[in-house]
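**Student:** Just to be clear, the model below is a prediction. Sequence and coordinates:
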Amino acid sequence: SGVVGTGAFAVHAANVFLSGAAEFTYRGEEEWKGKRAFRFDYAVPQQHSRYRVRVPPYEAVVGFHGAFWVDAETLDLLRLEVHADEIPDELRLARTSDVMEYQRVTIGRSEYLLPASSEFTMLGVLGNEYRNRRRLTNCRQYVAEAAVKFDAAAEAAPVARASGLPPHLILELVLDSPVDLEAAALGDEVRAVLARPVVHQGQVLVPQGAPVLGRLVRLEQNSLPYPHYVVGLEFDILELPAGRLEFSATLEDVSPAAGLIRQAKTLDPTFDRRRRVPRLDILVRERQEGRGVLHWDAKQPRIRRGLRMRWRTEPALASTRFGPQ
């Protein structure tokens, strides 16, 4: 269960700035995160709105209002707020809001103004509240190049390609960046390195020490049976001299390292109340392809650099090719 919003990346901004339906009011100069900024309020009436709110089995188009801030020097959009108006009673909602913050991002050889984060909130008439926080990072540009030659005698230049990782290989990784679970957020980058070369049929496919990039894809704090974190990691990029190689792998095992006193290998998570030490459980019953799920005692909420992990490559991305950096 939960809430899903689809307007944060582009639709809200397009409805406010490009639809021609919004009425704007200048509110003056303010300070925003240490910058001089101009604030504007706006409103879009229901009859000109494209904002659709749905609480199954009901849905409705609603008007909306809000505010936005622009950089006083560059006129770049800094923050956009969207609040729904006159929500129909059958939706059983007291309020909805979506707040987006923007920054300039380099993608390929160009720079774009894109949302960096958003927070979408729905408050029910009975006080139930749903909140969806999103961070948008590591946007990439995918391009294709083609050339037409009319010299029939010329030989086509060979195209260099490197095959992706075969399935069922073991990647032995060492965590290269600590994870501070009190300060971390979903989407944060996590770095590791290969502890051993990846060998297949007697051939070294990836050398030892190659950087491996991943993300924090799950972070929950639970109180029972004692305070602990549920941590989800996903590693999917190998950085090589020839380019970046994408892959999919599932966590198989972990080994003690600095900060790890005990390792559990049970099928179900177990917790020792007498020994409050940092420890890991691989939750086999929750295991998902392409991810690893760990439990960590909240008493020491920092996964230190040096954690050793074994990941098994999945067949789904066996045909992945090297791409340009």
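**Tutor:** In hand now; what should we look at?
**Student:** just for the stretch 51-200 of the chain, where's the confidence low?
**Tutor:** 151-164 (pLDDT under 70).
**Student:** show me where it has helices.
**Tutor:** With DSSP state H, counting those that start in this stretch, there are no helices along the stretch 51-200 of the chain.
**Student:** same thing with the stretch 201-325 of the chain?
**Tutor:** Going by DSSP H, counting those that start in this stretch, the stretch 201-325 of the chain shows no helices.
**Student:** distance of residue 106 from residue 181?
**Tutor:** Separation of residue 106 from residue 181 (C-beta to C-beta, to the nearest Å) stands at 30 Å. In this view, the C-beta of every residue, glycine as well, is placed from N, C-alpha and C.
**Student:** Which one of the two is surrounded by more residues?
**Tutor:** residue 181 (18 against 10; other C-beta atoms under 10 Å).
**Student:** For the residue most central in space within the chain, which non-adjacent residue is closest in space?
**Tutor:** Among the residues of the chain, residue 187 comes closest to the average C-alpha position under C-alpha atoms, centre = their mean, at 3.4 Å. The shortest distance from residue 187 to any non-neighbouring residue, by C-beta to C-beta, 6 or more residues apart in numbering, is to residue 135 (4.2 Å).
**Student:** What are the phi and psi values at the nearest residue to residue 141 once chain neighbours are set aside?
**Tutor:** Setting aside the residues directly before and after it, residue 141 is nearest to residue 108 in space (C-beta to C-beta, 6+ apart), at 3.5 Å. For residue 108, the backbone dihedrals are phi 70, psi -120 (criterion: degrees, to the nearest 10).
**Student:** Start the count at 51 instead of 1 going forward.
**Tutor:** Renumbered: residue one is now 51, and that last one reads residue 158.
**Student:** Please report how far the nearest residue to residue 280 once chain neighbours are set aside lies from residue 279.
**Tutor:** Distances taken as C-beta to C-beta, 6+ apart put residue 270 closest to residue 280, at 4.2 Å, once the chain neighbours are dropped. Computed as C-beta to C-beta, the residue 270 to residue 279 distance reads 7 Å.
**Student:** Same check on residue 215?
**Tutor:** 30 Å.
**Student:** Residue 364 against residue 341, yeah?
**Tutor:** No - look at residue 364 against residue 341 with C-beta atoms under 8 Å: they stay out of range, at 10.3 Å.
**Student:** Spit out the residues that contact these two alike.
**Tutor:** Between them, residue 364 and residue 341 share these contacting residues under C-beta atoms under 8 Å, 6 or more residues apart in numbering: residue 300.
**Student:** which of the two has more neighbours?
**Tutor:** Per other C-beta under 10 Å, whichever of residue 364 and residue 341 has more neighbours is residue 341, with 21 against 17.
**Student:** could you list every residue that touches that one?
**Tutor:** Contacts of residue 341 (C-beta under 8 Å, 6+ apart): 267, 268, 282, 283, 284, 300, 301.
**Student:** Which among these count as buried?
**Tutor:** Burial by neighbour count, judged by 16 or more other C-beta atoms under 10 Å, picks out 267, 268, 282, 283, 284, 301 from the contacts of residue 341.
**Student:** Next, format these as JSON lines and append distance to residue 124.
**Tutor:** Output for the buried ones among the contacts of residue 341, formatted as JSON lines (distance: C-beta to C-beta, whole Å):
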{"residue": "267", "distance to residue 124": "34"}
{"residue": "268", "distance to residue 124": "36"}
{"residue": "282", "distance to residue 124": "37"}
{"residue": "283", "distance to residue 124": "37"}
{"residue": "284", "distance to residue 124": "35"}
{"residue": "301", "distance to residue 124": "44"}
